[in-house]
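1. quick one, what's the 3D model for this:
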Amino acid sequence: MALHCPMQAYYSRNKEYENQSANDEFLKSLAEGGFQVGAIAKIYGKVSKENDLENLKGYDEPLKKTRELFTQDTVNIAEAAFKYKNCFVRADIIQKNGRQVDLIEVKAKSWEAGKSFLKNDSNSIETEIREYVYDVAFQKWVVSHALKEQYPDQPFTVRAFLMLADKTKVNTIPNLNTLFRIKTDSDDRTYAEPSPEAQAILAEEHEHVIVPFDVDELCDKIIGGTTGEQIEYMGKNFKEFVEEQSERYVKNEKVYQPLGAKCFKCPFTLSEEGKADHKKSGYVECWKEMAHFTDADFDKPLIKDLNGTGLTRGKNTKDNWIKNGIYFIPDITEDLYPPESDEKPGLSNKERKWVHIRSVKENRNEPVIFTDELKAQMQTWKYPLHMIDFETTASALPYHANLRPYENIAFQFSHHIIKEDGTIEHAGQFLDIIPGHFPNFDFVRELKRQLSSDDGSVFRYSHHENTILNGIHEQLAASDEKDKDELMAFIESITHKKDKRTQEIVRSGDRDMIDLCDIVKRFYWHPSMKGSNSIKQVLPAVLQSSSYLQNKYGKPIYGSEIKSQNYTADTAIALLTKDESGNVQNPYKVLPHLGEIEDAIIERLAKDGDLEKEQLTQVIRSSTDEDDGGLDADTQINNGGLPLVIYRYLQTFPQSPDPDNDISFDKSIADKVHIKTISEALYRYCELDTMAMVLIWEYFAHECGIIK
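-> Predicted structure coming up:
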């Protein structure tokens, strides 16, 4: 943590400061399979249950237990504890064989066998792997010195390894990921528990996709201070940095650091809940101390809101601006940051930033839209227009055989159509969450079926859909699917592919998807977007801007006048609602909670069955599985991270005997209702993503005079 910022180590130790990173790191680890990677590493490391010290807390007990285990000539330990001077570490895996000690740090990070950890023609460590290598180097330094102190007459050799997901390896075990179920103990600690059959399956011969990479020599260079990035990274060499920071940590010293652009991402900020609990903000403290900010300064438009590419390299970087005392957007001048056109319609990257800067300088709150250029662009689109959005997941431990670590699974899409007469329809959707069933090829088959009835323009929002389809194209090429040539040709027709080295487009389809996000960047800006182009920021901005949309969608027409796959005339909704102050609410924030959806399902079942609603509710709620994936009645699926976590959770259900026809997974009525509830929530979330694209198009079309 001190490598990111020494002050973060201080704030982390002092619990009066609120830390926003804990929940984000949990979701990231859960979605990427971090818990499962840790569990499989213990199996590969041959750590017995009694030698897993993970549940030992504090300092003294794990140190004592580690010393006891080290009396054995050969022993493997998880979470072994070592202390040297002011430093204390818990090693993921220790393998002791006589006086040889292998130190293995486990990460859900991916790497490729044969790829160097050093930058090309350099003695500097690759930025993307640097923090992980430094982590294990620090552990080696502590472990080596601790063993010398404890066993002065027994010289140990410590070798350092990073256990990572190797993207060159192909998994050979079906349902590898789901051999480990996510659990939460009484202390609210999350962990991955191996299934009863996991040990036996993993004992059989198979391709390991989680493998140890030898970083011992590189760690010695870091410890010796000879790698090229140390001064830039830490301001001093490794040993000096460790000794300085460890002494400050033990003394609980607060030593403020120079400010930089990374400070804008500080996790020690205050939420409303934190304010109510009288927590402190480390972010505020640092800016007050180092930039002499007043409380009022935090409400001013900071350069952190000036987003987009081009501010990380060269003279004009946020870091350089901060070093020169430029913290606020009005302080940016044209001499400092000249606006430059790229000779293309609409706004260049720099011109877009200058729209933002001028709006702040002139205190303008209205949106900026380049209607003439935008209209010319829109008139090139061919009707009917197709809006599509995908939900996908990728994990270090693949869900299926024949996949590599972090190879994508496409399990859901939504599809809206806009006809030339302005008719809007939620034309189709796809969801495959059947445990053990590889969905990608059926996903493409259904997408092809829905898009092949015409040659209208196809839209995505950002590059994700293009990346996913190109990935499935590669999977199809390596497959034995009978219709693979047909499916690959379809993918080629709606995508483009770039050369990995030059980034030049080497293939582009006749219906290559149009990126609506690029359209937004070129022709539209709104101050409430705060420099972000995320659809979850653009949609509320568009709704605020348009009385046309407010009047139309403030009525419950979605599901009746506008056809939907998930809403009917009886359940039609108003997409646009306002809060008590009359402000337009973000539609993502008012999606139904799981409890609301479950109640409606129970009511439908009660009408068709023998039990009253109250009886059925009691049966279902009393059968709730304690391993519920962290989902409860208050869960609201309204962000891109949750569907990934939910997919992982649903894969742990018993496999369906007939995955093509049976999606109940289990005969339990409680399980059926639970899965049905989650499915409906996923459908509605993904549907809103493509309807958001429709609303953005409709706003643009109205502003440009294409529709009245």
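2. C-alpha from now on. contacts and neighbour counts both.
-> Fine.
3. low-confidence ranges in this protein?
-> 22-32, 308-310, 314, 608-611, 615-616, 618-633, 654-668 (pLDDT under 70).
4. how does it divide up, domain by domain?
-> As given by automatic domain parsing, the domain ranges for the chain are 33-251, 376-516.
5. ends of the shortest one, how far apart?
-> What that stands for is domain 376-516. Across domain 376-516, the terminal residues are separated by 15 Å (CA to CA, to the nearest Å).
6. nearest to Phe700, out of the domains of the chain?
-> Closest approach to Phe700 among these (CA to CA): domain 376-516, 8.8 Å.
7. buried sites along the longest helix anywhere in the chain?
-> Longest helix of the chain, by residue count under DSSP state H: helix 669-703. For helix 669-703, the neighbour count (16 or more other CA atoms under 10 Å) marks 670-671, 673-701, 703 as buried.
8. over to stretch 333-350?
-> For stretch 333-350, by 16+ other CA under 10 Å, it's Pro339, Gly346, Leu347, Ser348, Asn349, Lys350.
9. pull it out as CSV, backbone CA atoms only.
-> Extracted C-alpha coordinates of stretch 333-350, given in CSV (Å, rounded to 0.1, in the frame of the first residue of the first chain):
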residue,chain,number,x,y,z
THR,A,333,-5.1,28.6,-20.4
GLU,A,334,-4.8,28.2,-24.2
ASP,A,335,-1.1,28.9,-24.0
LEU,A,336,-0.8,26.1,-21.5
TYR,A,337,-3.0,23.6,-23.3
PRO,A,338,-3.7,24.7,-26.9
PRO,A,339,-7.0,23.4,-28.4
GLU,A,340,-6.2,21.5,-31.6
SER,A,341,-8.5,20.1,-34.3
ASP,A,342,-7.9,16.7,-35.9
GLU,A,343,-9.8,17.8,-39.1
LYS,A,344,-12.6,15.4,-38.5
PRO,A,345,-16.3,16.2,-38.0
GLY,A,346,-17.2,17.2,-34.4
LEU,A,347,-14.8,17.5,-31.5
SER,A,348,-11.2,16.3,-31.3
ASN,A,349,-10.0,15.0,-28.0
LYS,A,350,-8.5,18.4,-27.1
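10. please shift the residue numbers so they start at 8 in all later answers.
-> That works, and once the first residue is 8, the last one we named lands at stretch 340-357.
11. ok now it, how far from the chain's centre?
-> How far stretch 340-357 lies from its chain's middle: 31 Å, per CA atoms, centre = their mean, to the nearest Å.
12. circling back: adding mean neighbour count and distance to Asn21, write the domains of the chain out as CSV.
-> Below are those laid out as CSV (neighbours: other CA atoms under 10 Å; distance: least, CA to CA, whole Å):
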stretch, mean neighbour count, distance to Asn21
domain 40-258, 17, 10
domain 383-523, 18, 33
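13. CSV for those, including distance to Leu277?
-> Shown next, in CSV, are the domains of the chain (distance: least, CA to CA, whole Å):
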stretch, distance to Leu277
domain 40-258, 23
domain 383-523, 31
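14. for Asp641, find the nearest of those.
-> Judging the domains of the chain by CA to CA, what sits closest to Asp641 is domain 40-258, at 18.0 Å.
15. start and end of the closest one, how far apart?
-> 36 Å.
16. any idea which element Tyr654 lies in?
-> Per DSSP states H and E, Tyr654 falls inside helix 648-657.
17. repeat that for Gln436.
-> Assessed by DSSP H and E, Gln436 sits inside strand 431-438.
18. same deal with Ala167?
-> Assigned by DSSP H and E, Ala167 falls in strand 164-173.
19. contacts for that strand, please.
-> Residues outside strand 164-173 that contact it (CA atoms under 8 Å, 6 or more residues apart in numbering) are 48, 106-120, 139-140, 143-144, 147, 150-151, 216-223, 226, 403-404, 411-412.
20. each with direction, which strands does it pair with?
-> The pairing partners recorded for strand 164-173 under DSSP bridges are strand 107-118 (parallel), strand 217-221 (antiparallel).
21. can you lay out these as TSV showing distance to Asn477?
-> Listed next are those as TSV, based on distance: least, CA to CA, whole Å:
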stretch	distance to Asn477
strand 107-118	20
strand 217-221	25
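22. among those strands, which is nearest Ala210?
-> Here strand 217-221 is closest among these (CA to CA), at 14.4 Å.
23. tell me which helix or strand comes right after that closest one.
-> Trace forward from strand 217-221 with DSSP H and E and the next one is helix 223-230.
24. and that next one with strand 164-173, angle?
-> 110 degrees (axes from the mean of the first three to the mean of the last three CA atoms, to 10 degrees).
25. return the distance of helix 223-230 from the chain's centre.
-> Centre-to-centre, helix 223-230 and its host chain are 31 Å apart (CA atoms, centre = their mean).
26. one more: stretch 362-380?
-> With CA atoms, centre = their mean, you get 31 Å for stretch 362-380.
27. show me what counts as buried in it.
-> Quick answer for stretch 362-380 (16+ other CA under 10 Å): Val362, His363, Ile364, Ser366, Val367, Pro374, Val375, Ile376, Phe377, Thr378.
28. coming back round to it: which of the strands paired with strand 164-173 sits closest to Gln419?
-> strand 107-118 (24.5 Å).
29. which residues are in contact with stretch 196-210?
-> Phe42, Gln43, Gly45, Ala46, Ile50, Leu186, Phe187, Arg188, Ile189, Lys190, Thr191.
30. the nearest residue to the fourth one once chain neighbours are set aside and Arg655, how far apart?
-> To tie it back to what came earlier, the one meant is Ala46. Distances taken as CA to CA, 6 or more residues apart in numbering place Ala199 nearest to Ala46, at 6.1 Å, with adjacent residues excluded. Separation of Ala199 from Arg655 (CA to CA): 12 Å.
31. do Asp678 as well
-> 16 Å.
32. ok, Glu453 next?
-> 22 Å.
33. for the stretch 308-457 of the chain, what spans make up the helices?
-> 325-330, 356-368, 378-385, 447-458 (DSSP state H, counting those that start in this stretch).
34. before we move on, what about the stretch 158-307 of the chain?
-> Along the stretch 158-307 of the chain, the stretches classed as helices by DSSP H, counting those that start in this stretch are 205-210, 223-230, 237-241, 245-258, 279-283, 289-298.
35. the fourth one to helix 223-230, inter-axis angle?
-> Okay, so that is helix 245-258. Helix 245-258 and helix 223-230 meet at an angle of 70 degrees, taking the same axes, to 10 degrees as the criterion.
36. for helix 245-258, give me every contacting residue.
-> 9, 13, 16-17, 93-94, 229-232, 237, 241-242, 261.
37. report the two of these separated the most.
-> The span of the contacts of helix 245-258, defined through CA to CA, is set by Gly231 and Lys261 at 27.7 Å.
38. span of stretch 562-578 from start to end?
-> 13 Å.
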